[in-house]
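Undergrad: only the shape, not the letters, is given here:
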């Protein structure tokens, strides 16, 4: 009768890990507190190591103890090995499920942390005309968009209360702004003290235009679409007419 020889899976694994992490058998024996001949018999598969050795081996080398234990059970001649193997598989499955639960909990915690850092900025149902002007709706929209509060404070140097959102209507600011875009306004910017895109109220209409201060107490009002002619307003006229700067555009899907 030809004797079937079981593969030396555990011994091969012990040898591979030992060579990678500890080097020679002599060094391994010293680290593990056993005789070098004992390690040799384990690696050659002549005898099976006990649980205490596998625990120590895993602790010293960083090997996966559960895997070493599974390999030992597979090679065990004990009639109860199959039962033990089934128990080990159940434990491994339970640990995997636990890791999945922990991963989901971590994702949930991250989501809650991110959600807590968001602030709502109101989106009003008025449209700043990027064209020839349009009367704004009187009723504010109930929608809001959420922004990271740290981004508002660090990048915009503003607080959430300083900001609001409205829609763009028309094509005069293309390609910078397109009809239907939502723009974020800093309501503190009520003077054209720096070049940028502003929301203006002129004669009861809202306009989104680029403003540039000029010498002689005047302001150039222009569109990014070259089909629209720029014009100049004197600051004195601005104060006497139905004119107001309602805010500067600071975001339109990207920083302005």
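TA: Okay, I see it. Nothing here was measured: the structure is a model prediction, and the numbers come from that model.
Undergrad: now do the strands in this structure.
TA: Applying DSSP state E to the chain gives strands spanning 118-129, 144-148, 163-169, 182-186, 196-202, 205-214, 218-222, 231-234, 243-251.
Undergrad: what's around the residue nearest to residue 238 when sequence neighbours are not counted, how many residues?
TA: Spatially, and ignoring its direct neighbours in sequence, residue 238 is nearest to residue 219 (7.2 Å; C-beta to C-beta, 6 or more residues apart in numbering). From N, CA and C alone the C-beta is placed, and that goes for glycine too. Neighbourhood size, residue 219 [other C-beta atoms under 10 Å]: 21.
Undergrad: if we can go back for a sec, mean pLDDT and distance to residue 11 added to the strands of the chain, as a markdown table?
TA: A markdown table is the format used below for the strands of the chain (pLDDT from 0 to 100; distance: least, C-beta to C-beta, whole Å):
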| stretch | mean pLDDT | distance to residue 11 |
| --- | --- | --- |
| strand 118-129 | 79 | 57 |
| strand 144-148 | 87 | 56 |
| strand 163-169 | 89 | 68 |
| strand 182-186 | 92 | 67 |
| strand 196-202 | 90 | 74 |
| strand 205-214 | 90 | 77 |
| strand 218-222 | 91 | 82 |
| strand 231-234 | 88 | 89 |
| strand 243-251 | 89 | 65 |
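Undergrad: now distance to residue 96 too, for the ones you listed, in TSV please.
TA: Output for these, formatted as TSV (distance: least, C-beta to C-beta, whole Å):
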stretch	distance to residue 96
strand 118-129	34
strand 144-148	35
strand 163-169	46
strand 182-186	45
strand 196-202	54
strand 205-214	56
strand 218-222	63
strand 231-234	70
strand 243-251	44
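Undergrad: closest one to residue 12 among these?
TA: Residue 12 lies closest, by C-beta to C-beta, to one member of the strands of the chain: strand 144-148, at 52.7 Å.
Undergrad: residues of the closest one that come out buried?
TA: residue 147 (16 or more other C-beta atoms under 10 Å).
Undergrad: what lines up beside it in the sheet?
TA: strand 118-129 (antiparallel) (DSSP bridges).
Undergrad: the partner strand to strand 205-214, inter-axis angle?
TA: For strand 118-129 against strand 205-214, the angle by axes from the mean of the first three to the mean of the last three C-alpha atoms, to 10 degrees is 90 degrees.
Undergrad: so what's the residue lying closest to residue 182 once chain neighbours are set aside up against?
TA: Leaving aside its chain neighbours, residue 182 sits nearest to residue 165 (5.5 Å; criterion: C-beta to C-beta, 6+ apart). Counting by C-beta atoms under 8 Å, 6 or more residues apart in numbering, residue 165 touches 121-124, 145, 182-185.
Undergrad: quick one: low-confidence residue ranges for this protein.
TA: Applying pLDDT under 70 to the chain picks out residues 1-6, 78-95, 108-116, 128-142, 240, 256.
Undergrad: show me where it has its helices.
TA: Along the chain, the segments classed as helices by DSSP state H run 9-21, 25-32, 36-43, 51-61, 65-75, 81-116, 149-155, 235-240.
Undergrad: what's next to the third one, contact-wise?
TA: Think helix 36-43. So helix 36-43 is contacted by 10-12, 14-15, 18, 25-26, 28-29, 32, 47-49, 53 (C-beta under 8 Å, 6+ apart).
Undergrad: go again with 10 Å.
TA: With contact meaning C-beta atoms under 10 Å, 6 or more residues apart in numbering, helix 36-43 is reached by 8, 10-16, 18-19, 22, 24-30, 32, 34-35, 46-50, 53-54, 57, 72.
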